[in-house]
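Enquirer: show me how the following folds:
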Amino acid sequence: MAESSSKGDSVPKKWACTYCTFLNWDASIKCVLCYQPRNKPMLIEELCPANESSVKTSIVHDEQLRWPCPT
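Expert: Numbers count the residues shown, from 1 in each chain. Got it, this is the predicted structure:
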């Protein structure tokens with residue numbers, strides 16, 4: 001019969017994607033669901049916050065697509 005471990009530290013750790021909230025394995029450097037990097041997703045709303053009712057969140061994939069927010 002195979003041994004089973006009941007230790008709490010044997011449970012694999014997971015991290016929640018800050019973009020889609022999917023729980024990824026600890027070894028993943030990107031979200032396996034939406035492919036966002038583990039630590040710093042770059043959202044347009046983070047670059048230039050807008051009124052909540054008009055926010056349409058999208059991912060910035062390229063440096064050329066970024067622009068400064070007018071103030």
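Enquirer: extract the residue ranges of this structure that are flagged as low pLDDT.
Expert: 1-9, 40-67, 71 (pLDDT under 70).
Enquirer: tell me the contacts of the closest residue to I29 other than its chain neighbours?
Expert: Leaving aside its chain neighbours, I29 sits nearest to R38 (5.5 Å; criterion: C-beta to C-beta, 6 or more residues apart in numbering). (Each C-beta comes from the backbone N, C-alpha and C, glycine too.) By C-beta atoms under 8 Å, 6 or more residues apart in numbering, the residues touching R38 are 15, 17, 24, 28-31.
Enquirer: please redo it, this time with the cut-off set to 10 Å
Expert: Going by C-beta atoms under 10 Å, 6 or more residues apart in numbering, R38 touches 15, 17-18, 24, 26, 28-31.
Enquirer: so the closest residue to F22 other than its chain neighbours versus C69, what's the distance?
Expert: Nearest non-adjacent residue to F22, counting by C-beta to C-beta, 6+ apart: L33, 4.2 Å away. Computed with C-beta to C-beta, to the nearest Å, the distance linking L33 and C69 is 29 Å.
Enquirer: of the two, who's got more company?
Expert: It is L33, of L33 and C69, that has more neighbours when counted by other C-beta atoms under 10 Å, with 13 against 8.
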